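Asks: The following block contains a protein sequence and its predicted model.
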Amino acid sequence: MPNFRHMLRAFVALMLASLIWSTSAHTKREQKKSPAVITRKETSSRVTALRIAHLRAKIDSLRQATWDWQDVSLAGRTRSAYHERQARGIGYLRWMNELWGQRLISARQLAQNPPHMRLWLCIQSGIRGGKWKLLVHQSGGVRVGNGEASWYDDGSPYWGGFQMGRWFHETYGGELYRRLGTANNWRPIQQIWVAERAFGQEGYSVRWLLVQWPNTAPPCVSLLG
């Protein structure tokens, strides 16, 4: 019987030692694994944060470019609540990115294609029949033939490619006039859009065109079709 008790004590001691060793080994393994797990989580979080920041910056850039083209066409800026600045969902940010990308395409297409482009280039340049080098006349240099003037004509009391007086500036191009001064300081495409606005506000009246530009409009009105 004494031998049995001795063997029992030895067995219990052996089991306790085995349990302690097993627990210690498991703890060491977990300690070795934890930094790697933490590193993977930190890396994933950083990658997500960078993607969010990139998408937010891209949305902001697309929105500003859209507004720039809308300013050119005098269309009014698309409103924005800037939701992307709080949003963290990658899917939502991608959707907003695509939305502003489409808005930019539409705004640029409108701004680059005024409804009566040929009419305005004819009045400014003196060339009729549609035979213009658009890049030359839109980026603007000198008057050609019997047109109004250079886009950058600064001879008071009339300025720019359509020889706009102060009343014309204030009535049809107020925001550009207040921000940039007289028409010779505007881009040619901006001058065209102000003329387009004026024409529209006057009911697309041919008579108004002929009064406004009596020397240059008559050969050009046939371009209205």
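Replies: Here it is on my side, so go on.
Asks: Let's see the pLDDT reported for residue 147.
Replies: Per-residue pLDDT puts residue 147 at 83.
Asks: So it belongs to a helix, correct?
Replies: No: Residue 147: not assigned to a helix; according to DSSP: H, G, I helix; E, B strand; the rest coil it is coil.
Asks: Now do it against residue 116, distance only.
Replies: Taking C-beta to C-beta, to the nearest Å as the measure, residue 147 and residue 116 are separated by 15 Å. Every C-beta, even on glycine, is put in place using the N, C-alpha and C of the backbone.
Asks: where do the helices sit along this structure?
Replies: Assigned by DSSP state H, the chain shows helices spanning 2-72, 90-111, 117-125, 134-139, 166-172, 174-180, 188-201, 206-212.
Asks: Now tell me which of those the model trusts least on average.
Replies: Out of these, helix 134-139 stands lowest, with a mean of 50 (criterion: mean pLDDT).
Asks: since we're on residue 60, how many residues are nearby?
Replies: 15 (other C-beta atoms under 10 Å).
Asks: Likewise for residue 58?
Replies: Residues contacting residue 58 under the criterion other C-beta under 10 Å number 17.
Asks: if I look at it, how far off is residue 88?
Replies: Residue 58 sits 15 Å away from residue 88 when distances are taken as C-beta to C-beta.
Asks: And residue 174, by the same measure?
Replies: Taking C-beta to C-beta, one finds residue 174 at 41 Å from residue 88.
Asks: hmm, back to that, of residue 147 and residue 116, who's got more company?
Replies: Neighbours per residue (other C-beta under 10 Å) separate residue 147 from residue 116, with residue 147 holding more: 23 against 20.
Asks: That one and residue 162, how far apart?
Replies: Separation of residue 147 from residue 162 (C-beta to C-beta): 10 Å.
Asks: Pull up the overlap in contacts between these two.
Replies: Common contacts of residue 147 and residue 162, defined by C-beta atoms under 8 Å, 6 or more residues apart in numbering, comprise 123-124.
Asks: wouldn't residue 189 be in contact with residue 111 here?
Replies: Yes: shown here, residue 189 and residue 111 form a contact pair, counting by C-beta atoms under 8 Å, at 6.9 Å.
Asks: tell me, what's touching these two both at once?
Replies: residue 72.
Asks: Count the residues that sit near residue 150.
Replies: Residue 150 has 19 nearby residues by other C-beta under 10 Å.
Asks: quick one: pLDDT of it?
Replies: Reading off the model, residue 150 has pLDDT 87.
Asks: separation between it and residue 57?
Replies: Following C-beta to C-beta, the distance that separates residue 150 from residue 57 is 39 Å.
Asks: And residue 199, by the same measure?
Replies: Counting by C-beta to C-beta, the gap from residue 199 to residue 57 is 39 Å.
Asks: higher neighbour count, these two?
Replies: Neighbour totals were compared for residue 199 and residue 57, and residue 199 leads with 22 against 11 (other C-beta under 10 Å).
Asks: ok, that one - contacts?
Replies: Each residue near residue 199 by C-beta under 8 Å, 6+ apart is listed here: 116, 205, 208-209.
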